[in-house]
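Student: Sequence first, then the predicted structure:
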Amino acid sequence: MRVVDETGKQLGIMDLREALQIARERNLDLVQVTEKVEPPVCKITDYGKYIYSEEKKKRKGQKQTGGELKQIRLSFAISLHDLETKVKMADKFLKKGDRVMVRMLLRGREKALHRFAEEKIKKFFEILEKSSPIRIERELKREPRGLTIIIARG
């Protein structure tokens with residue numbers, strides 16, 4: 001096997017007993033780094049540190065799942081055409097794998113007409129479900145400044 005020491009210096013090709021003897025003298029472990037080459041490569045290192053660095057590399061390479069949380073704002077007096085435009089934006093976000101927060105801000109007297117606002121949001125979802133299935137992550141919630149709901153691709 002080809003042996004590399006803790007500093008990265010190649011010690012050359014040796015048999016298993018010699019490599020283990022060198023590792024014991026240095027109070028370290030002999031770790032097989034790769035078996036895909038002939039002869040296999042082994043490294044004299046602390047096994048705990050080696051495992052930690054390998055897990056760190058793996059975590060760095062992983063892509064975060066769940067996607068970002070994108071936000072779409074609807075107004076109280078939004079027209080049907082503008083609603084369809086917002087649906088296209090939401091559909092684009094959902095297809096990328098992002099979650100979408102649909103928020104309708106209510107100001108002044110609009111807060112008293114929250115049922116009308118809920119109907120607008122339901123209309124938004126009716127149009128959106130024609131293009132792609134959706135899953136509700138957080139139910140429609142009434143907040144001090146309006147209504148919000150979080151959806152993801154179903």
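Tutor: Perfect, thanks for sending it.

Student: Just checking, which helix or strand of the chain averages the lowest pLDDT?
Tutor: In the chain, no helix or strand scores lower on mean pLDDT, DSSP states H and E than helix 47-61, which sits at a mean of 86.

Student: Can you name every helix or strand that the top helix by length along the chain contacts?
Tutor: For the chain, the helix that runs over the most residues, judged by DSSP state H, is helix 114-131. Helices and strands touching helix 114-131, by 3 or more C-beta pairs under 8 Å, 6 or more residues apart in numbering; DSSP states H and E, are strand 69-74, helix 80-95, strand 99-105, strand 134-143, strand 146-153. Yep, even glycine has a C-beta here, placed from its N, CA and C like the rest.

Student: so can I have JSON lines of the ones you listed showing distance to Gly8 and mean neighbour count?
Tutor: Output for those, formatted as JSON lines (distance: least, C-beta to C-beta, whole Å; neighbours: other C-beta atoms under 10 Å):
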{"stretch": "strand 69-74", "distance to Gly8": "43", "mean neighbour count": "15"}
{"stretch": "helix 80-95", "distance to Gly8": "46", "mean neighbour count": "15"}
{"stretch": "strand 99-105", "distance to Gly8": "44", "mean neighbour count": "20"}
{"stretch": "strand 134-143", "distance to Gly8": "48", "mean neighbour count": "12"}
{"stretch": "strand 146-153", "distance to Gly8": "46", "mean neighbour count": "19"}
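
Student: can you redo the ones you listed as JSON lines with mean pLDDT and distance to Asn27?
Tutor: Shown next, in JSON lines, are these (pLDDT from 0 to 100; distance: least, C-beta to C-beta, whole Å):
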{"stretch": "strand 69-74", "mean pLDDT": "94", "distance to Asn27": "49"}
{"stretch": "helix 80-95", "mean pLDDT": "93", "distance to Asn27": "54"}
{"stretch": "strand 99-105", "mean pLDDT": "93", "distance to Asn27": "50"}
{"stretch": "strand 134-143", "mean pLDDT": "90", "distance to Asn27": "52"}
{"stretch": "strand 146-153", "mean pLDDT": "91", "distance to Asn27": "51"}
